[in-house]
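Student: can you look at this prediction? I've put the sequence above it.
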Amino acid sequence: MSDLHRLPLESKLLPLQPSRIAVDGSFEGYASLFRIPDLGKDVVEPGAFRDSIARRGPSGVKLLWQHDPAEPLGRWLSLAEDSRGLFVRGKLSLAVARAREIHALMREGAIDGLSIGFRPEKARNEPRSGLRRLERVDLWEVSIVTFPMLPQARISAVKTAFRKPAFA
């Protein structure tokens, strides 16, 4: 096992706007935003997800509830970096009881966060600011969560109105 795989998995949280969740469980939004410090003083740099997305693809990144590997909720349909951040499209599996519960809570506005689970592959610390700049990460999962880490990210559309993100 490489040293990289012995590192602890880290999580970063982002909010989503639940009023825009499709009846069939489809949703989209930003799981991470570039160059914005989160509450943990991490800053994700553009390109940080590129290699991981190419290597894993959407099927290799899990859609979980609160980072719990025992609670998969559905699947990611697409993951892409654009000029703003990591744009994701997912679909809850409404055949799963927990996914139906989360879907109802998302539609009512009670659940409003997205969070990334990753291992840092390349990062640099800035002693003066206390920030850690994440230049390359291995993305393992994106979770729907209760408490987000980066308040600026929001869900942007539902399945019937999906738009293509503006790529840099």
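Tutor: Structure's in. What do you need?
Student: and what about Ala104, helix, strand or coil?
Tutor: Here Ala104 is recorded as helix under DSSP: H, G, I helix; E, B strand; the rest coil.
Student: so who does the spatially most central residue of the chain touch?
Tutor: Nearest residue to the geometric centre of the chain (C-alpha atoms, centre = their mean): Ala31, 3.1 Å. Ala31 makes contact with Leu14, Leu79, Gly85, Leu86, Phe87, Val88, Leu114, Ser115, Ile116, Val142, Ala153, according to C-beta atoms under 8 Å, 6 or more residues apart in numbering. Where C-beta positions appear, they are placed from N, C-alpha and C, glycine not excepted.
Student: and the furthest pair within those residues?
Tutor: Greatest spacing in these, by C-beta to C-beta: Phe87 and Ser115 (15.3 Å).
Student: rewinding a little: turn the contacts of Ala31 into a markdown table, columns for distance to Ala99 and secondary structure.
Tutor: Below are the contacts of Ala31 laid out as a markdown table (distance: C-beta to C-beta, whole Å; DSSP: H, G, I helix; E, B strand; the rest coil):
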| residue | distance to Ala99 | secondary structure |
| --- | --- | --- |
| Leu14 | 20 | strand |
| Leu79 | 19 | strand |
| Gly85 | 25 | strand |
| Leu86 | 22 | strand |
| Phe87 | 21 | strand |
| Val88 | 16 | strand |
| Leu114 | 15 | strand |
| Ser115 | 17 | strand |
| Ile116 | 19 | strand |
| Val142 | 15 | strand |
| Ala153 | 21 | coil |
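Student: how about Asp51: what's its closest non-neighbour residue?
Tutor: Distances taken as C-beta to C-beta, 6 or more residues apart in numbering put Arg136 closest to Asp51, at 6.3 Å, once the chain neighbours are dropped.
Student: residue ranges in the protein under the pLDDT threshold?
Tutor: The chain contains residues with pLDDT under 70 at 1-9, 11-21, 150-168.
Student: in it, which spans are helices?
Tutor: 3-6, 50-56, 97-108 (DSSP state H).
Student: and the longest one, what's buried?
Tutor: Using 16 or more other C-beta atoms under 10 Å as the test for burial, helix 97-108 gives Ala99, Ile102, His103, Leu105, Met106, Arg107.
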